[in-house]
Each structure stands twice: as C-alpha cells, then as structure tokens.
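[1] all I have is the shape, not the residue letters:
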C-alpha cells in the first residue's frame, strides 16, 4: 500500500487496460419534453386569475392552502403543485381543479405565484 494515489483518469485507465471506453446508450437518454401542453407562456400566466385561501372544513381540523382558478392542463397543474409542495416543504394533492397544499402557506404561495408570472393572484377570505 505504498503506492501513490491516482492523480488523473488517464492513470486509472492504465490500471484497467481491458476496459473499453464508455459510450452512452442513446436509448437511455432522457427525451426532452417538447410538448406544448406542458409549458405555459408568460401571457397565459398573466391572464389567469388565481385565488389562494386557507381552509379546514371537511379536513378533520387540519389547515390546507387552496389554489383555485388555474385553467391549464392537468399536467401543468401537477407540475405547479410539485413546485409549491417543494417550496412549502409540505404534502399536497390535486383534486377537482384545485391545488391543495397541506398546512397554512398562503403568503409563501402567493409570493411564489406572483414571481412565477401569475400576476392576477389574490388572497381569498381572511
């Protein structure tokens, strides 16, 4: 074990001469999502009227943050929900055209939506 550590990959390759060069398989490459339904334009976002509210009715006393008024596709709404859950560090779901984030995160959600281009985002209720 008195050998010196390997300083670069060329020395590592010399240790294993029988190994072939790595060539990535084109079938494994992730296909870029080019479908037009997955991306909302800035103008579409600016025209959407979103309402953010907190609710605990029919939820066993637990508070949730509701986002209503998004008229994009289900795929777009799931993508937005994923971002919101990440920002709020909370769970959530998508049901009946509403985005539901667990917990009281109205301020965080409104701030994110306005920065993301949803200019007509309003708080509903108190």
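    Yes, it's here. Treat the numbers as computed from the prediction; the structure is a model and nothing was measured. Numbers count the residues shown, from 1 in each chain.
[2] what are the phi and psi angles of the spatially most central residue of the chain?
    Nearest to the mean C-alpha position of the chain, counting by C-alpha atoms, centre = their mean, stands residue 83 at 3.2 Å. Per-residue torsions, residue 83: phi -60, psi -40 (degrees, to the nearest 10).
[3] pull the contacting residues for it.
    By C-beta atoms under 8 Å, 6 or more residues apart in numbering, the contact set of residue 83 is 112, 116. The C-beta positions use only the backbone N, C-alpha and C, and glycine is treated the same way.
[4] distance-wise, check it relative to residue 73.
    As defined by C-beta to C-beta, to the nearest Å, residue 83 lies at a distance of 16 Å from residue 73.
[5] ok so, going back, from residue 114, how far off is the residue nearest to the centre of the chain?
    From residue 83 over to residue 114 the distance is 14 Å, taken as C-beta to C-beta.
[6] quickly list what's touching both of these two.
    If you check residue 83 and residue 114 against C-beta under 8 Å, 6+ apart, no residue is contacted by both.
[7] where are the low-confidence patches of the protein?
    Along the chain, the parts satisfying pLDDT under 70 run over 1-4, 6, 30-38, 126.
[8] the strands in it, which residues?
    49-55, 64-68, 92-95, 98-102, 120-123 (DSSP state E).
[9] let me know which of the ones you listed is the nearest to residue 26.
    Proximity to residue 26, assessed across those by C-beta to C-beta, is greatest for strand 92-95 (34.0 Å).
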